[in-house]
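Participant: Predicted model, plus sequence, below.
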Amino acid sequence: MAVTDLASLPRVGVLVGIDPGTRTMGVAATDATRMIASPVETIRRGKTLGPSITRLFEIYDDRQAVALIVGLPLHMDGTEGRRAQSTRALVYNILLRRDVPVAFQDERLSSAEAESVMIQADMSARRRAERIDASAAAIILKSALDVLDRLG
């Protein structure tokens, strides 16, 4: 299916969200009704991408997901930089492994928002560090759900 826009994704089914980073990949998922986006786990990225993509698809398959939502790290002015190029390369490698629907979602400030929510929840710094990427993936996924809601 390759990269598509949110409006072209399957209308029903679980979505898996990704907050891509250089050392980790935060993963979140919706429930079957797409009402809730929840953090799932943070996948550590090693020297090669293969094991990370394998783990991502284990989560995808376990949840019977129908598409991936990948956070696209844009600059504050909306332009793309090196991190966005790296994210596009990650998606290219994911699609080499398996042809699944993938849509990008603007991820500006998602990590900052996740951090703020966890601080308000009185989460320890150590626990925040463990959960920040998966929580950011949930925020990215929730913003995609909001867009899908507006599209009808």
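Facilitator: Ah, there it is. Please read all numbers here as calculations on a predicted model, not as lab measurements.

Participant: Every contact and neighbour count from this point should use C-alpha atoms.
Facilitator: Fine.

Participant: residue ranges with poor pLDDT in the protein?
Facilitator: Counting by pLDDT under 70, the ranges of the chain that qualify are 1, 108-131.

Participant: what are the ranges of the strands in it?
Facilitator: With DSSP state E, the ranges of strands along the chain come out as 3-4, 14-20, 24-30, 37-44, 65-72, 102-106.

Participant: Looking at the ones you listed, which is nearest to D133?
Facilitator: Among the strands of the chain, strand 24-30 comes nearest to D133, with 4.2 Å by C-alpha to C-alpha.

Participant: The closest one: partners in the sheet, and parallel or antiparallel?
Facilitator: strand 14-20 (antiparallel), strand 37-44 (antiparallel) (DSSP bridges).

Participant: Tabulate the CA atom coordinates of the last one in PDB.
Facilitator: Right, the one you point to is strand 37-44. The C-alpha atoms that make up strand 37-44 are tabulated as PDB, following Å, rounded to 0.1, in the frame of the first residue of the first chain:
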ATOM      1  CA  ALA A  37      -4.500   5.700  22.000                       C
ATOM      2  CA  SER A  38      -2.300   4.000  24.600                       C
ATOM      3  CA  PRO A  39       1.400   3.600  25.000                       C
ATOM      4  CA  VAL A  40       2.600   0.100  24.300                       C
ATOM      5  CA  GLU A  41       6.400   0.000  24.600                       C
ATOM      6  CA  THR A  42       9.700   1.500  23.700                       C
ATOM      7  CA  ILE A  43      11.700  -0.500  21.200                       C
ATOM      8  CA  ARG A  44      15.500  -0.100  21.500                       C
END
